[in-house]
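Asker: okay, here's the prediction I keep looking at, along with the sequence it came from:
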Amino acid sequence: MEKEIAIRVRNLSKMYKLYRKQSDRLKDALGLLKKDRYTESMALSHVDLEIRRGETVGIIGTNGSGKSTILKIIT
């Protein structure tokens, strides 16, 4: 018998803005920042994940590959 799915993630993506200066973050939140003041970094792009009840899963990868980001989003 197939175990039921405990966690299902489909097409998960996460983009971060990397600001040139600390003050640019506040300006962006207020809608006062021009696009050229930050760069976009894609931490996750179109990730699918399915974990069945009772399974043990390990997420491995290099530094900066999005392991912690996935866990923060799904918990």
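Answerer: Okay, I see it. The structure presented is a predicted model; accordingly, all values stated were derived computationally and were not measured. Numbering: from 1, shown residues only.
Asker: which parts of the chain are helices?
Answerer: Along the chain, the segments classed as helices by DSSP state H run 22-29, 67-74.
Asker: quick one: closest of these to E2.
Answerer: E2 lies closest, by CB to CB, to one member of the helices of the chain: helix 67-74, at 21.4 Å. All C-beta atoms are positioned from the backbone trio N, CA, C, and that covers glycine.
Asker: contacting residues for the most centrally placed residue in the chain?
Answerer: For the chain, the residue nearest the mean C-alpha position is K14 (3.7 Å; CA atoms, centre = their mean). Going by CB atoms under 8 Å, 6 or more residues apart in numbering, K14 touches M42, A43, L44, G66, T69, I73.
Asker: what sits closest to D48 if chain neighbours are left out?
Answerer: With sequence-adjacent residues excluded and distances taken as CB to CB, 6 or more residues apart in numbering, D48 is closest to R10, at 5.6 Å.
Asker: look up how far E50 lies from that neighbour.
Answerer: Distance of R10 to E50, computed by CB to CB, to the nearest Å: 9 Å.
Asker: and the two? which has more neighbours close in?
Answerer: E50 (12 against 9; other CB atoms under 10 Å).
Asker: my guess is the more buried one contacts A6. True?
Answerer: No. Contact between E50 and A6 fails when scored by CB atoms under 8 Å: they sit 9.0 Å apart.
Asker: how many residues are close by A6?
Answerer: By other CB under 10 Å, 12 other residues sit near A6.
Asker: my guess is it meets T56, correct?
Answerer: No. Shown here, A6 and T56 do not form a contact pair, counting by CB under 8 Å, at 11.5 Å.
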